[in-house]
Every structure is written in C-alpha cells, then in structure tokens.
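In: sequence plus the predicted model coming up.
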Amino acid sequence: MNHRRSLLGVLVCLSFATPVAAIAGAKPPAISRFLAGEVVVTAYDGVSDDLLTAGLGASGLANPVPPAVSSDPTGAEMRRLAIYNNYRALVPTDAGNGYGVFFGPGVDASGQPTGTEGLIAGEEYLVFAGPRSGKVNVTLMVQVPDSFDEAAPCIITAPSSGSRGIYGAIGTAGEWGLKHGCAVAYTDKGTGIGAYDLDADEALSIDGLWSPADALGKDSIFTARMSEPQRAAFASEFPYRFAFKHAHSKQNPEKDWGRNVLQSIEFAFHVLNEKFPPSGKHRKAPRFTPENTLVIASSVSNGGGASVRAAEQDRYGLIDGVAVSEPNVNPVKADFAIVQGANAPITEHSRSLFDYTTLINVYQGCASLTLPTAPFNFAPSANACTSLAEKGLLAAGTTEAQALEAQQIINAYGWNPEQNAVQPSHWFLNVPQSISVTYANAYGRADVRANLCDYSLAATDAATGAPVPLSPTAKLLLFGTANGIPPSAGVNLVNNAAVGGATENRLSVSASSGRADQNLDGALCLRALATGVDPVTGERLRGKDRAMHRHIMKGIRDIRASGDLGGKPAVFVTGRNDAILPINHTSRGYYGLNQTVEGAHSQLHYYEVTNAHHLDILNAFPGFAEQYVPLHHYLFQALDLMWAHLKTGAPLPPSQVVRTVPRGTGAPAITDANLPPIADAVPVSDLIRFDGSTLFVPE
C-alpha cells in the first residue's frame, strides 16, 4: 500500500519535554486522508519524563499514592495521572505477583530484571482520526522509542482495553513494544475517556482538560449532539448527569474497532517515514512499508478483540501476525460442539457479549449467595432472589435453593464453573451492570436523553444515593482516573425509576417489587432488549422497545467476527477462570470458528491458562493472591513466541492447556514454578484439538 499517496499539509503543534535541540532535524508526520486536526508531537528525554512511565519509573508506578496534579493542571500532569492509573488497572504492581521479576519497566526485553526504573526516551505523536471513523473523534497515538532500529523496523498495535482512553494499553502491548524498540500504534477505538458534562456543557480536549464544548468545537474527545434548548431542558429535568462516548456517541464505535487499529498502523507508517526520511535516489519513495516492517497486532480484552478484527479486515497486508490476550471477540456461531474433559458437549456457544452479560446481570446478585467466602463478595442480594422467585424466574422455595438455581442458570448459559468464584467480585465492582448499560446504549445508538431502561450517569450521595454534582476535584481528574464505562471516577449508574426518585443503582428500590433488589427492574429491561421478549411475561416486545431491540441486534451483527484471519499466524491466550468474557463464547468459540473457516490453512494457536482470570490487578488482594496467577505474563510469552516466529521462523507451539500452580496459603512470591511456559512439547493429555465437529479441551 502506498502510504504517501494521500498526504496533506498539516499545522503541527510541537511541545517538548526536553530542549528543542533534542529532536533537531525531526519532521512532523504529514496528515493522511483520515486524520483530523493538529498532530501533537512531544519528545521525552527518558530522564525527567518518558514514554512508558511518564517519568514515574517502575517504583512510581508501584507507589499506591498517585502523582500529584495541580489545581490548574497541565496536559503533562493529566498524561502522567492517566498512565499511572491505566498501567495499574491492568498490571499487578506488587512484587508478589511478578512485577519487577517477570514484567514491569524494570524488566528488559529478554525478561531479565535490570534493577533500573525502566524509563524509555522517544517521541509521542497524538492526533484525532476524522470522518472515516465516524462523527465522534477517535484518538490515535504513535510512540517511537529512541531505540527504534531503522535497519529492522517494527510496529506493535496497542488499542485500549475496555473503554479506556489512549493510554489504556500502555502497560500491556505498549510496554512490550517499547522494550523491543518498536513503534507502538495506539487507538482509543472511539470509546475512551470521552465524558461530557450536560449541566455545564463542558467536554474534554485530547490532552484531558475540560473546556466549554463550544470553545472546543470539533476538537473535543466527545460532545453529545443536541441543541442548546434540548441540553438545557434535559439538564433541568435530570440534573448533574454525564454522557460518555462509548455509550452515547450514537455511532456503535465497536463496529469500527478493526478499522481504527488499521488506521493506527497507517499513522505509524506515516510517522516513521517522516521521522526517518529516505535519501538518495529513493527519497521520493516511502522508506518503511508493510513489506519491510514487522507488524504485530496485539493488546488485551477489547483491545485484543480490536486487533483480531483488524487482522480479519486487513486487505493491504499491514499485519504480519497477531498475539492477544483474553480478546473480546463476538464470533459468528459455527456448527461445532465444545467439550471440556468428560463434560457434556456445549453446542450453544458463541453468544454475544450483550446476550451473556445481560443474563448474568439478572441472576448474579442472587447467585453470589452460593459462595459466601468468595473474595470481594460484598454485594450478594437475598432480595434479588426473592424478587426473581416472585416473578417466576426462579422455582425454588428457599433463598439458599434459589441462589443455587440462579448459579445453575448462569452455568447452563455457557459460563464455565471455573468462573463462579471470581464472579461475585465482579458483581460487587459493577462489571456486568456497567457493561450491560453501556453496550445497550452503544449497540442501539441511543441518545443520552433516552435514559435507556431508565438508567443515567451521575455522581451520587453516599448515604441516600441521590444524584449530586460531581466534586470539582473528581471532575478535574476524570481523564486520568476514569475507565470510560461508569461506575468510574465518581460517576455512577443511576436508576431514574427508583421508588422515591432517582437513586444510585445498587441502593435503589425497584418499582415493581417495592424492595431494594439492586434494580432488578433495570436488569430485566436490559435482558428484554437482548432477547426481544419480556423475561417475566414471555411476550414479545412491542413499539419503541421492539424497535430498540432490533437496533441492538443490528449493532451486534455489525461487530460479529468472521473467524477468517487470512492465514495470518495468530496466538490467543485466555484464562480459564475469566468472569467477564466467558471462554465458550469468546476464545473457544472463535478458535473453533477459525478452524471451521480456514481449515488446514489456519495458523491460529490457542493457549488456555488455568488459575487465571480477566483482571490481574485483583491478584494483589487476599483470596485472589493465593488462587490465581497473572495472565499478563502469558501475553508477553505470546508476543515473544510471535516475535520469534516472524523473525526466525521458529514454529509456534501447538494449542494447549497451560497448567499453572497457584501460590497457595500465605501467597508466597510467585516463581517460575508457578508459571510454566507455553510448551513446544506437549503431552497428548494437554493438547487442544479440533476434529471438524468438536473442539476438545482437556480438563
């Protein structure tokens, strides 16, 4: 692909963390057909500030006290806070879980501890992508370390995980790529920290600072589209509310996640070709092309899913290989069964995220009662059991039996039993609740004013749960503290239809039951939008509800993965205990689909890791520390394997179950004994096999 064919002039805003002389002779990237606005170029000296840690170093990232931010913050301060929080949200920074030993800034590219702070000098290029990514800005960023080897160029993609902002993958694919001297291509995927204050009519700029929406204009991360009278009327009726880009952009940003990753790669090529221009008789031709540059698509969770979709959509040979962890993929359902050990075959796999999450959102509050000793099980609800039974959704007569029945319903829907002990913590942390609300709005392209299923987003009073203004400090820091999907950074889920008035979701009293059952009414409404049927009456939805269900189904069809990677080498690593993205509906479902679609041409390798789940950061806490190992370690192994495969032709190990060893009582510091490598020689009993009709996964 000719990466220079659509170049346009651009006014470049240069800001320097080091003196101008530090990048003397460097040229800014030209804008391509899909870039919009100014490209912000910042140089970091690797001493006072850097690409990976924002000057905090390995010790600063491990420090539980976040970096200070002034009352009138600069973009640099917001960047430092965002890197600090995004890194710590995905990577366990306590020594017991391997930080500083197996991974972290103080560990080099070969996996050896260096005893240093691990600061990385280089340049950072930040820009918005324009209309081809939709009507809401998508952020792209490229980091080029000073260690970039012009003779052996490489690019690693790092789309953000979850709904996080542009630094959402800094500690995962970002860290690995920077340590290997690669340019790292980031994107927030059109989700990101796009908060909009409806009361104040204020939005966030690309560097995380609040300004009046009119003043920012097209340069806001996200501004909800409505007239001034419409905004004022909504703010009067529903004060203190916020809109967030992922939920309320009305664009279903997930449908463009693959495209956004491909755009980030193209932007990286533009950056490299401008930074290192060719000379001599070849000066008019791009120096770095897909033919001479190694490109690995990577990241975790939503970011991993985005890289997979990019590989499926890659028509220009931009991507050489894929190495992702716990990818959020919604595979098209193929006709095969999944069998784990001697268990019964699962044929109803590959359900959509919205389908399986709205199911667990209905039943988990009750099911959490079955595991009273599960870690972080702080929100079980007997009231939810009672309300479910009253509505005929549970048949058992006692609370204990109802909880067991709720758990059985969840597992019968394709959630692995290995996730059961992890899920209560996620329920307490509002994970299924926030996903259900955000993705309902996103897939349905709902306007924030619709208050879909009577949900809205606002700060709430700790005692009463009533909506209140977000504190000035919390709002000021939101870009650096939020994850893009409330509850986050002080903004909570609100039940507008609660008895007594709008109330925080978990504290609210449901109108249909008259009890505090953690807003079962809202959960059932979301479930109806997923199935098209009222869960209680069994009747098909009608009117506006039916129309919204159809919009959501269309949105889900738009994001389904085809399973066709075009024969690209690819590696998935996934934890068997994943309680956010159940493996039968995601990694296992995709692997079987890929085998069905590509057959003998498939180069996808799937590694399922025991005693590993989705949120490694929880492993720092009692109850998790003893039982689970960091899946993050295996992401880096996956990248190492793909690197060796593409560089030297080393064969990728066969698909397998990787049997880890929990740390056990007292949670002693993790060692090699706990983290066996993905093996080249694998016992037959550990091989994952597909015979054309059944995917066999060892127990």
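Out: Received, thanks.

In: low-confidence ranges, the stretch 251-400 of the chain, go.
Out: 280-283 (pLDDT under 70).

In: quick one: the strands in it?
Out: Assigned by DSSP state E, counting those that start in this stretch, the strands in the stretch 251-400 of the chain fall at 294-300, 321-325, 337-340.

In: quick one: contacts of the shortest one?
Out: Strand 337-340 has contacts (Cβ atoms under 8 Å, 6 or more residues apart in numbering) with 345-347, 349, 416, 584, 588-589, 592, 693-699. C-betas here are computed from N, CA, C, even on glycine.

In: using the three-state scheme, assign T139.
Out: strand (DSSP: H, G, I helix; E, B strand; the rest coil).

In: wait, isn't it in contact with I206?
Out: Yes. Assessed by Cβ atoms under 8 Å, T139 is found in contact with I206 at 6.4 Å.

In: of these two, who's got more company?
Out: Ranked by neighbour count (other Cβ atoms under 10 Å), T139 and I206 place T139 first, with 26 against 23.

In: longest helix of this protein?
Out: The longest helix of the chain (DSSP state H) is helix 257-275.

In: okay, now the domains of this protein?
Out: Residue ranges for the domains of the chain, per automatic domain parsing: 12-192+252-281+309-316, 337-351+560-697, 353-557.

In: show the end-to-end separation of the shortest one, please.
Out: What it means is domain 337-351+560-697. One end of domain 337-351+560-697 to the other measures 11 Å (Cα to Cα, to the nearest Å).

In: what's the answer for stretch 415-422, then?
Out: End residues of stretch 415-422 are separated by 12 Å (Cα to Cα).

In: now tell me what touches that stretch from outside.
Out: By Cβ under 8 Å, 6+ apart, stretch 415-422 touches 340, 356, 360, 367, 370-371, 374-375, 407, 410-411, 423, 576-579, 582-584, 613-614, 627.

In: try it again at 7 Å.
Out: The contact list for stretch 415-422 (Cβ atoms under 7 Å, 6 or more residues apart in numbering) reads 360, 371, 374, 407, 411, 576-579, 582-584, 613.

In: let me know whether I319 touches A297 as I believe.
Out: Yes. Counting by Cβ atoms under 7 Å, A297 is a contact partner of I319 at 4.9 Å.

In: next, show the common contact partners of the two.
Out: In contact with both I319 and A297: 310-311, using Cβ under 7 Å, 6+ apart.

In: higher neighbour count, those two?
Out: Shown here are I319 and A297; by other Cβ under 10 Å, A297 has more neighbours (36 against 25).

In: contact partners for that one?
Out: Counting by Cβ under 7 Å, 6+ apart, A297 has contacts 157, 261, 307, 310-311, 319, 322.

In: and which of the contacts of stretch 415-422 is nearest S510?
Out: Ranked by distance to S510 (Cβ to Cβ), the contacts of stretch 415-422 are led by I360 at 18.2 Å.

In: how close does the closest residue to that closest one other than its chain neighbours sit to E348?
Out: Spatial nearest neighbour of I360, chain neighbours left out: P432 (5.1 Å); criterion: Cβ to Cβ, 6 or more residues apart in numbering. According to Cβ to Cβ, to the nearest Å, P432 stands 19 Å off from E348.

In: okay, those two: which has more neighbours?
Out: Per other Cβ under 10 Å, whichever of P432 and E348 has more neighbours is P432, with 25 against 13.

In: which residues are contacting the helix or strand encompassing that one?
Out: Assigned by DSSP states H and E, P432 belongs to helix 431-444. Helix 431-444 has contacts (Cβ under 7 Å, 6+ apart) with 163, 246-248, 252-254, 353-354, 357-358, 360-361, 364, 426, 452-453, 455, 485-487, 493, 505, 526, 529, 548, 551-552, 555-556, 580.

In: hmm, try it at 6 Å
Out: 246-247, 252, 354, 357-358, 360-361, 452, 455, 485, 526, 529, 548, 551-552, 555-556 (Cβ atoms under 6 Å, 6 or more residues apart in numbering).
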